[in-house]
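A.B. asks: A predicted structure for the sequence below; I have some questions about it.
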Amino acid sequence: MAPAVYNARHGAVTFSDATGTPITVALTPGEGNFTLSGVEQGGLATDVVRNRGDVYERVTTEEKIYSGSITLSMDGDLTDAITGRPLDAIMKTGTFSSGTTDEPGGQTWTGQIAAVWTRNSIVNTITVPECRLSVDIGEGFPGNTLTINFEAPGSTVTITSA
């Protein structure tokens with residue numbers, strides 16, 4: 001059988017906090033345009049060391065901060081104290097008001113984004129813990145949008161296939 005091409009139809013993206021039984025919200029509805037940018041080996045940035053203008057070597061430097069986004073259609077209530085909405089996850093309101101951060105210092109509200117694509121019994125997963133979320137809200141046609149932006153330490157991201 002030939003390899004299968006994955007697209008947005010095969011995927012789902014969620015945000016969860018760090019409680020024992022995580023508070024989770026599906027990041028839907030939307031076109032399915034999840035992005036994660038800047039992925040590199042080890043989650044570390046590099047710099048070039050030169051010798052009289054020639055590249056001498058590349059050395060690892062500080063941990064990278066990866067960034068990404070997903071755009072959702074604005075539907076229904078923006079917040080909901082019972083079922084939770086994506087904006088609740090960003091603002092730590094509604095069902096997320098009692099949420100637990102997964103940021104090691106415990107000072108900043110962060111959580112985990114999981115993007116999962118399944119096709120032909122093969123599951124590809126990208127897990128991005130310690131995500132700090134923000135939102136851009138836009139009005140327009142065919143509908144209003146919530147673009148959820150996130151940043152996370154590069155060393156925490158995992159990518160698996162099963």
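C.D. replies: That came through, no problem. Numbering: from 1, shown residues only.

A.B. asks: Contacts only, for the most far-flung residue of the chain relative to its centre.
C.D. replies: With C-alpha atoms, centre = their mean as the measure, the chain has its most outlying C-alpha, relative to the mean C-alpha position, at residue 52: 41.2 Å. Going by C-beta atoms under 8 Å, 6 or more residues apart in numbering, residue 52 touches no other residue. (Each C-beta comes from the backbone N, C-alpha and C, glycine too.)

A.B. asks: Also residue 107?
C.D. replies: Contacts for residue 107 were tallied using C-beta under 8 Å, 6+ apart; they are residue 101.

A.B. asks: In three-state terms, how would it be classified?
C.D. replies: Reduced to three states with DSSP: H, G, I helix; E, B strand; the rest coil, the structure at residue 107 is coil.

A.B. asks: how close does it get to residue 101?
C.D. replies: The span separating residue 107 from residue 101 equals 8 Å under the rule C-beta to C-beta, to the nearest Å.

A.B. asks: what do you get for residue 81?
C.D. replies: Distance, residue 81 to residue 101, using C-beta to C-beta: 20 Å.

A.B. asks: Could you pull out the strands in the protein for me?
C.D. replies: Taking DSSP state E, the strands of the chain run over residues 11-16, 24-26, 35-37, 44-51, 54-63, 65-73, 111-119, 122-138, 145-153, 158-161.

A.B. asks: among the ones you listed, which is nearest residue 95?
C.D. replies: In this view, these are compared for proximity to residue 95 by C-beta to C-beta, and strand 24-26 is the closest at 7.8 Å.

A.B. asks: ok, residues contacting the closest one?
C.D. replies: For strand 24-26, the surrounding residues in contact (C-beta under 8 Å, 6+ apart) are 12-17, 84-86, 88-89, 95-96.

A.B. asks: Ok, stretch 123-132 next?
C.D. replies: Under the contact criterion C-beta under 8 Å, 6+ apart, stretch 123-132 has outside partners 6, 15, 36, 66, 68, 102-104, 108-118, 150-153, 156-162.

A.B. asks: Low-confidence bits of this structure, can you list those?
C.D. replies: Low-confidence segments of the chain, defined by pLDDT under 70, are located at 1-2.

A.B. asks: which residue is nearest the middle of this protein?
C.D. replies: Centre-nearest of the chain using C-alpha atoms, centre = their mean is residue 113, 4.3 Å out.
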